[in-house]
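sequence plus predicted model, see below.
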Amino acid sequence: MISEVKIDAYKKPTAFINSTKSVSVISENLLNQNTPERMLESINQIAGARMEERSPGSYRISLRGSTLRSPFGVRNVKVYLDDFILSDASGNTYFNVISPELINRMEIYKGPESGDYGAVTGGTILLKTKNSDNLSTNISTGSYGTFNQSFDFSAQMGKHFLEVFQNYYQSDSYREQSKVQRKQVFVKDHFQYSSKGILKAMLMYSDLDYQTPGGLTLQQMNLNRKQARPKTAALPSASEQDAGIRNKMIFAGLSQEYQFNTNFSHFILVQGSYVDFENPFITNFENRFEKNFAVRTHLNYDKNWGEISLAYRLGFEGGINDILIKNYDNNKGFEGKPQNFDQLKNTSGFYFLSQKLNFNEKLFSDISISLNSNSYDWERVFPRKETGKIQFKNQWLPNFGFTYLLGKGFSARGKIGKGNSAPTNEEIRSSTQEFNQNLRPEYGWNKELGLRKQFRNSFFVEVGYFDFRMKEAIVRRQNENGEEFFVNSGETVQKGLELLLESKNFDFENDFFSNFKFRFSGSFYNFKFKNYQQNGNDFSGNDLTGVPQTTINSLLNFTFFKKLELDYSHIYTSKIPLNDANSVWSDINLIGNIKFKFPVNFEKTRLNLYLQIQNLYNENYVLGFDTNAFGSRYYNPAAKRNFILGMKVDF
């Protein structure tokens, strides 16, 4: 069945057609339409999801407009890697340290899930690594000095399933001051030590170094799209200051799942990570040293009485993020005179209870509730001693969803839930180097209705409508130095329609035109500010900053001569408001990409040759805007037409 996939809401398998959740699955096939060093095009094929690239290495992910508060990275979206929690206790995720080639599958849950995942308003992403035997290597090269190499080995070895993955990627990139280099090693071991228990271990090291060219004004971009942010009378240029991000992370975790009997099981994980983060910027040089610890545990009960099945989960997830931040003058990419040294400790956690009830494979219900807490302690160490503590009010977050099977392969669903998202460390203590103790969590209620229909095992159609009312929405702003700070913007009203149409793989049994399948998706949004006043300006009724009203995506897959595969994709994006006043908008754009794949089979080896052409029509466009940018520096131009040529070998 097309899209009759198994989804895993943290080990809650269910058929996709029966799911109560607003979930999209990015399969291995959809991930493979990308070049190995990126997953942007695959994520952007999902209705309601948008991945942006301000410069290579500088990514952010939006689920239904959640990048309103994210200048870079991933905030307000919870991210898990297999069993483990990639997001820190404050809600920030270094998504760009993960090599796309490591990921075998993604599940994207849009909107608040509260119960199992705690306090977020944007959504949740589950990243899955390989779970089958594999030995492969990949090498590719392309425009702007791009080079990518990887090695992956995974195999069942007795009671152990072992995976070892290594990746090296570098590119000079399209613009000045935008080189990127990423090195990563990942090891996991799944040890089935008994028929009832499995122990999983994971170790990952990533070293990411990328330059940041900075935003341009429209005039600067039209004059020279490749330039980095130029100097002004008051400030040096991005190139002079060697602006960039250097992020080294080591991440380790251990989990156990034990099945006591047919009905009862227990899951527990402990994990920790250390981050060494450097950010030479125009006005300062920032060092961050982060220590993270997290634990998750839950008891599970499953019972089946024939026509009725019931599942309960009771658990806790919590974490600590302890960070030392040191700011210096930036002497052309080197530390200068000290400015401010600060210590910040964020503690968060939630208890959760969820229930799944299935009546006669017709009515499926999912009820959950979580009690969420978040607090932070701050201390100014230098140049003067100051301390403080903020304890946000504990939040009860309920979530209720149902699906009713109207007929074979035809279901209707409804959902209502509350989300809450506290400010992250980067928002509490932003690049202005001041502690924003007035910043409050954003929260709101989300309501959804949807239909899913499978047509004769040939086509799958899904349509969903949501209405999310958020209060105290957190919005990013910039001062005259380009330093960011955050404010609560009152209320937002976010209404949207999301569509998906996809086909099976049609086999024409023709030597010339062998196979064909397609996928179309679209997001149609009406997102507005409500009761939002800022510095004497009333922005109520304005469109939500940084969110396009319409995105339409397509992917066509062809096979010719039973050998040559072709992926032909398009992403249409309507104009985007670039500031809260809605006085500046982006241009509409339609971006095409095409990928040719040619497999060659030997006795025990499969050689896959590929060529990808990105920005096929050579458009001038921006893939990631700096919203509310001071001095109208909104624009981060994306590359013109470029190519990647590569080879993957499966042994």
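Perfect, thanks for sending it.

tell me the contacts of I416?
399-401, 445-448 (C-beta atoms under 8 Å, 6 or more residues apart in numbering). All C-beta atoms are positioned from the backbone trio N, CA, C, and that covers glycine.

make it 7 Å
400, 445, 447 (C-beta atoms under 7 Å, 6 or more residues apart in numbering).

swap in M202?
Residues near M202 by C-beta under 7 Å, 6+ apart: 82, 84, 188, 252-253.

for it, what are phi and psi?
As for M202, its main-chain torsions (degrees, to the nearest 10) stand at phi -140, psi 140.

all helices of the stretch 351-500 of the chain, in order?
425-428 (DSSP state H, counting those that start in this stretch).

low-scoring stretches of it, by residue?
For the stretch 351-500 of the chain, applying pLDDT under 70 flags the ranges 481-482.

tell me the strands in it, going along the chain?
363-382, 386-391, 395-407, 410-421, 442-455, 459-471, 474-478, 484-488, 491-503 (DSSP state E, counting those that start in this stretch).

ok, and the most crowded of the contacts of I416?
When neighbours are counted by other C-beta atoms under 10 Å, F400 leads the contacts of I416 with 17 neighbours.

skipping its backbone neighbours, what lies nearest F392 in space?
Nearest residue to F392, sequence neighbours excluded (C-beta to C-beta, 6 or more residues apart in numbering): N374, at 4.8 Å.

try Y109
Using C-beta to C-beta, 6+ apart, the nearest residue to Y109 is T124, at 4.3 Å.

quick one: list the elements packing against the helix or strand containing that neighbour.
Per DSSP states H and E, T124 falls inside strand 123-128. Using 3 or more C-beta pairs under 7 Å, 6 or more residues apart in numbering; DSSP states H and E as the contact test, the elements touching strand 123-128 are strand 77-81, strand 105-110.

quick one: closest of those to Q395.
Of all those, it is strand 77-81 that lies closest to Q395, at 15.0 Å by C-beta to C-beta.

any idea of the mean pLDDT for the helix or strand following the closest one?
Going down the chain from strand 77-81, the next helix or strand is strand 84-85, by DSSP H and E. For strand 84-85, mean pLDDT is 95.

parallel or antiparallel, list what pairs with strand 84-85.
Sheet pairing for strand 84-85, assigned by DSSP bridges, gives strand 77-81 (antiparallel).

show the backbone phi and psi for L40.
The phi/psi pair for L40 (degrees, to the nearest 10) reads phi -60, psi -50.

how close does the residue nearest to F392 get to E434?
Distance of N374 to E434, computed by C-beta to C-beta, to the nearest Å: 20 Å.

who has more neighbours out of the two?
Between N374 and E434, counting by other C-beta under 10 Å, N374 is the more crowded of the two (25 against 14).

beta partners of N138?
Under DSSP bridges, the beta-bridge partners of N138 are S150, K648.

so where's the stretch 1-150 of the chain uncertain?
1-15, 66-73.

right, and the strands of the stretch 351-500 of the chain - which one's nearest D242?
The nearest among the strands of the stretch 351-500 of the chain, by C-beta to C-beta, is strand 484-488 at 19.6 Å.

got the contact list for that closest one?
69, 71, 423, 427, 430-432, 436, 439-440, 472-479, 534.

ok, stretch 427-438 next?
The contact list for stretch 427-438, computed with C-beta under 7 Å, 6+ apart, reads 69, 281, 325, 327, 339-340, 342, 344, 376, 378, 388, 390, 439, 474, 479, 483-486.

re the thing from before, out of the strands of the stretch 351-500 of the chain, flag the one nearest K640.
Proximity to K640 (C-beta to C-beta) singles out strand 474-478 among the strands of the stretch 351-500 of the chain, at 27.5 Å.

pull the closest one out as CSV, backbone CA atoms only.
The C-alpha coordinates for strand 474-478 follow below in CSV (Å, rounded to 0.1, in the frame of the first residue of the first chain):
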residue,chain,number,x,y,z
ILE,A,474,8.5,35.0,20.5
VAL,A,475,9.8,37.1,17.7
ARG,A,476,13.4,37.9,16.6
ARG,A,477,14.7,41.5,16.2
GLN,A,478,18.1,43.1,15.5
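
returning to what we had before: of all the helices and strands packed on strand 123-128, which one is nearest N642?
Nearest of those to N642, taken as C-beta to C-beta: strand 105-110 at 24.6 Å.

quick one: strands adjacent to the closest one?
Short version: by DSSP bridges, strand 105-110 pairs with strand 23-26 (antiparallel), strand 123-128 (antiparallel).

touching it from outside, list them.
Residues external to strand 105-110 that are found in contact with it (C-beta under 7 Å, 6+ apart): 7-8, 21-28, 46, 48-49, 63-64, 123-128.

can you put the strands of the stretch 351-500 of the chain in CSV and add distance to D650?
Listed next are those as CSV, based on distance: least, C-beta to C-beta, whole Å:
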stretch, distance to D650
strand 363-382, 38
strand 386-391, 52
strand 395-407, 38
strand 410-421, 37
strand 442-455, 32
strand 459-471, 29
strand 474-478, 44
strand 484-488, 44
strand 491-503, 26
